[in-house]
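A.B. asks: Sequence first, then the predicted structure, then my questions.
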Amino acid sequence: MRKRFDLLIYSWAWISTFAVFLTVSCLLWFLLSRGLPTIGKELFFGDASAWEAISGQVRVWDALWPACVGTLSLVFLAALMAVPLGVASGIYLACFATTPFKRILSLSVELLAGTPSIVMGLFGFALILFLRNTFFPDANTSLLLAASCLALLILPYLIFTTQAALESLSDEYRLIGPSLGLSQLQTVFHTLLPASGRGILGGVILSLGRAAEDTAVIMLTGVIANAGLPHGLLGKFEALPFRIFYLAAEYQNPAELNSAYSTALVLLCLTGILYGSALALHKTLEWQWNQH
Amino acid sequence: MEPALTQQKPFCIIKNLQVLFHGKPVLQDINLTLTDSRIIVLVGASGSGKTTFLRSLNRLNECYPGYSASGQVELALSGTMENIYQAGLQITELRRQVGMVFQSPNVLPVSIAQNINLPLKLVTNLDKKKREERLVEVLQEVHLWDEVKDRLKTRASHLSGGQQQRLCLARVLALQPKILLLDEPTASLDFKASGRIEELLLELQHRYRIIAVSHSLGQARRIAGKILVMKEGRIEHLLNKTQFENSEMLQQLLEEVL
């Protein structure tokens, strides 16, 4: 009986893992088979030459380049705002906050995490309406606004993962710093953070991916279909997930639909590159910690 | 190196020490004077307050929520006896002078050298050259130097359990403590590695005052100069060598306690 039960659990675990693998493979194969044929210079730069497009001499129409730049700047700006804030909040919650205060703070972070992204977008949109009617009649949806709303969206991921990574360290490990005569701040920065670096980095990666793929927030806060390269922080912009959405919803011929697939493939590669560089960063940091 | 420790002067006087967590007493009515410079070993059933007792000597209990305490603990740190619970005492300096090694080897996730160098850099104001000298000194002191001298820059976690524990000991010794607290330092090690740590402690007892918790009676008898027997948060017995070398008497006492 016992043996049969074990076998059942074992097979269930095995089948589940295989199903995940199979799903991801199918998805990738589907994307590759539909998207790969259209990937090329034309997809990225349209009629313009690569150099002219990259250096911004020529405006690119109906191609991915502006959306790539838009998404990268969005992710970069959102991370710039959210990562320091989120990681610091996580450190505070895990290492410094006292119990009653910690409970209130954790609850508000959970609330923020439970907020659907479209609500974040609406919030940004409402903010612009408010600003227009009060202090800045010229305020408009823009790259900066979208990035701020995205930052708000990914903040709870960063806080949770940082807090969890720090709190998962063993009690004895947490005592090393104090037992060696390190101050609380030294303990956090020199013993606890290096040990939980991998977990925190995981949170950063997850949130970067989340920021890159979200469509609902940016739809209400400044993305448009043919903005070209982003015109500064207060300008409109294009973004990959929105382009996928737009192409898939309003394509006029099979070629356009296929270019939606290749755009999805590009977005996937882009997040892959983000993950890769985050890992490389972690390796460098580890190397630095090991130097005298 | 310190001069040989004197045998007569007390180095630890505890008066009416009581430690509570969330209002529940963990240590009660501890009154104790320790004079011996040989290793003092704490034994007792799990939950009898051994670890809490050890941590009350470097005030590490305060890192846990719900802690409160009363009473007085005096330690001989800078020549004179000092109440370590007095207001205004610099707690980081106390913990540097009362070093602690834990049950499982807890190396930092950095290189072997950096494990010793980092606390030295943060806690003392030695320059780089002095720190490097100290590094070699303490690694030799724990007999780890020959095993690691060619790979000081590799990760400490790649060492074996016994080596890691000796590295943790070296990390503490580098800060030149007066008293060493060891919380079951061999609990997670195999027989051979435990033996090496025991030998090492017998060497170190001439240079440091050592108070160790042990889970093994055999070990306690091998390394102790005195045995403290704890039960339900109190010190039940303080045995000297002649008492615990009489195995019948020891057995009797322990059966009554454990």
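C.D. replies: Sure thing, it's come through. Numbering: from 1, shown residues only, chains lettered A, B, ... in the order given.
A.B. asks: Pairing partners for B:F21 in the sheet, please.
C.D. replies: B:K24, B:Y67 (DSSP bridges).
A.B. asks: Which of the helices and strands in the chain ranks last by mean pLDDT?
C.D. replies: I'll assume chain A. Sorted by mean pLDDT, DSSP states H and E, the helices and strands of chain A end with helix A:50-54, the least confident at a mean of 71.
A.B. asks: To clarify, I was referring to chain B.
C.D. replies: The helix or strand of chain B with the poorest confidence is helix B:247-257; it has a mean of 71 (mean pLDDT, DSSP H and E).
A.B. asks: other SSEs contacting that one?
C.D. replies: In terms of contacts (3 or more Cβ pairs under 8 Å, 6 or more residues apart in numbering or on different chains; DSSP states H and E), helix B:247-257 is packed against helix B:217-223, strand B:226-231, strand B:234-240, helix B:241-245. All C-beta atoms are positioned from the backbone trio N, CA, C, and that covers glycine.
A.B. asks: switch to 6 Å and redo it
C.D. replies: On a contact count with 3 or more Cβ pairs under 6 Å, 6 or more residues apart in numbering or on different chains; DSSP states H and E, helix B:247-257 meets no helix or strand.
A.B. asks: what's that helix in contact with?
C.D. replies: Helix B:247-257 is contacted by residues B:V229, B:K231, B:E236, B:H237, B:F244 when judged by Cβ atoms under 6 Å, 6 or more residues apart in numbering or on different chains.
A.B. asks: can you give me phi and psi for B:L144?
C.D. replies: phi -110, psi -10 (degrees, to the nearest 10).
A.B. asks: Tell me which helix or strand the residue lying closest to it once chain neighbours are set aside sits in.
C.D. replies: Counting by Cβ to Cβ, 6 or more residues apart in numbering or on different chains, B:R166 is the residue found nearest to B:L144 once chain neighbours are left out, at 4.9 Å. Assigned by DSSP states H and E, B:R166 belongs to helix B:161-173.
A.B. asks: B:V19 versus A:D47, what's the distance?
C.D. replies: Distance from A:D47 to B:V19, counting by Cβ to Cβ, to the nearest Å: 78 Å.
A.B. asks: which of the two has more neighbours?
C.D. replies: Shown here are A:D47 and B:V19; by other Cβ atoms under 10 Å in any protein chain shown, B:V19 has more neighbours (22 against 12).
A.B. asks: Assumed that one was part of a strand.
C.D. replies: Yes - counting by DSSP: H, G, I helix; E, B strand; the rest coil, B:V19 is part of a strand.
A.B. asks: Could you report the pLDDT at it?
C.D. replies: B:V19 is assigned 92 on the pLDDT scale.
A.B. asks: these two touch, right, it and B:V26?
C.D. replies: Yes - at 5.1 Å, B:V19 counts as touching B:V26 under the criterion of Cβ atoms under 6 Å.
A.B. asks: who touches both of those two?
C.D. replies: Applying Cβ under 6 Å, 6+ apart, one finds that B:V19 and B:V26 are jointly contacted by B:T52.
A.B. asks: OK, contacts around the residue most central in space within chain B?
C.D. replies: Nearest to the mean C-alpha position of chain B, by Cα atoms, centre = their mean, lies B:L181 at 1.2 Å. Counting by Cβ under 6 Å, 6+ apart, B:L181 touches B:L54, B:M100, B:I211.
A.B. asks: now, among those residues, which is nearest to chain A?
C.D. replies: Comparing the contacts of B:L181 against chain A with Cβ to the nearest Cβ places B:M100 closest, at 4.2 Å.
A.B. asks: so what's that closest one bridging to?
C.D. replies: B:L181.
A.B. asks: is it true that it touches A:L180?
C.D. replies: No - assessed by Cβ under 6 Å, B:M100 is found out of contact with A:L180, at 8.3 Å.
A.B. asks: Look up how far A:L201 lies from A:S142.
C.D. replies: In terms of Cβ to Cβ, A:S142 sits 30 Å off from A:L201.
A.B. asks: okay, the nearest residue to B:L182 once chain neighbours are set aside: pLDDT?
C.D. replies: Excluding the flanking residues, the one nearest B:L182 by Cβ to Cβ, 6+ apart is B:A212, at 3.9 Å. If you check B:A212, the pLDDT there is 93.
A.B. asks: can you list the residues of the stretch 151-258 of chain B near chain A?
C.D. replies: Residues of the stretch 151-258 of chain B lying close to chain A (Cβ under 6 Å from any Cβ of the partner chain): none.
A.B. asks: Kindly recompute the last result at 8 Å.
C.D. replies: B:K153, B:R155, B:R171, B:V172, B:L175 (Cβ under 8 Å from any Cβ of the partner chain).
A.B. asks: A strand includes A:S277, no?
C.D. replies: No - looking at A:S277 with three-state DSSP, it is helix, so not inside a strand.
A.B. asks: tally of neighbours for it?
C.D. replies: If you count neighbours by other Cβ under 10 Å, A:S277 ends up with 12.
A.B. asks: Next one: it from A:M81, what distance?
C.D. replies: For A:S277, the distance to A:M81 (Cβ to Cβ) stands at 19 Å.
A.B. asks: again, but for B:K121
C.D. replies: Plainly put, B:K121 is 33 Å away from A:M81 if you go by Cβ to Cβ.
A.B. asks: again, but for A:A19
C.D. replies: Here A:A19 is placed at a distance of 38 Å from A:M81 (Cβ to Cβ).
A.B. asks: of these two, who's got more company?
C.D. replies: A:M81 (18 against 10).
A.B. asks: Quick check: which element contains the more buried one?
C.D. replies: Using DSSP H and E, A:M81 maps to helix A:65-91.
A.B. asks: can you give me the helices in the stretch 1-150 of chain A?
C.D. replies: A:2-35, A:41-45, A:50-54, A:65-91, A:99-114, A:117-133, A:143-167 (DSSP state H, counting those that start in this stretch).
A.B. asks: would you list those in JSON lines and tack on distance to B:K130?
C.D. replies: Output for the helices of the stretch 1-150 of chain A, formatted as JSON lines (distance: least, Cβ to Cβ, whole Å):
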{"stretch": "helix A:2-35", "distance to B:K130": "54"}
{"stretch": "helix A:41-45", "distance to B:K130": "58"}
{"stretch": "helix A:50-54", "distance to B:K130": "53"}
{"stretch": "helix A:65-91", "distance to B:K130": "32"}
{"stretch": "helix A:99-114", "distance to B:K130": "42"}
{"stretch": "helix A:117-133", "distance to B:K130": "54"}
{"stretch": "helix A:143-167", "distance to B:K130": "33"}
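A.B. asks: Any idea which of those helices gets closest to A:L281?
C.D. replies: Comparing these against A:L281 with Cβ to Cβ, the closest turns out to be helix A:65-91 (11.4 Å).
A.B. asks: okay, the angle between the closest one and helix A:143-167?
C.D. replies: Per axes from the mean of the first three to the mean of the last three Cα atoms, to 10 degrees, the angle that helix A:65-91 makes with helix A:143-167 is 40 degrees.
A.B. asks: name the helices or strands packed onto helix A:65-91?
C.D. replies: Against helix A:65-91 (3+ Cβ pairs under 8 Å, 6+ apart) you get helix A:41-45, helix A:143-167, helix A:193-213, helix A:240-250, helix A:254-289.
A.B. asks: Could you verify my assumption that B:I40 touches B:L32?
C.D. replies: No - in this structure B:I40 lies outside contact range of B:L32 using Cβ atoms under 8 Å: 9.9 Å.
A.B. asks: between those two, what contacts are shared?
C.D. replies: Jointly contacting B:I40 and B:L32 under the rule Cβ atoms under 8 Å, 6 or more residues apart in numbering or on different chains are B:L228.
A.B. asks: Tell me which of the two has more neighbours.
C.D. replies: Shown here are B:I40 and B:L32; by other Cβ under 10 Å, B:I40 has more neighbours (21 against 16).
A.B. asks: The closest residue to A:L112 other than its chain neighbours: neighbour count?
C.D. replies: Among residues not flanking A:L112 along the chain, A:P156 sits closest, at 4.7 Å (Cβ to Cβ, 6+ apart). Counted with other Cβ under 10 Å, the neighbours of A:P156 add up to 22.
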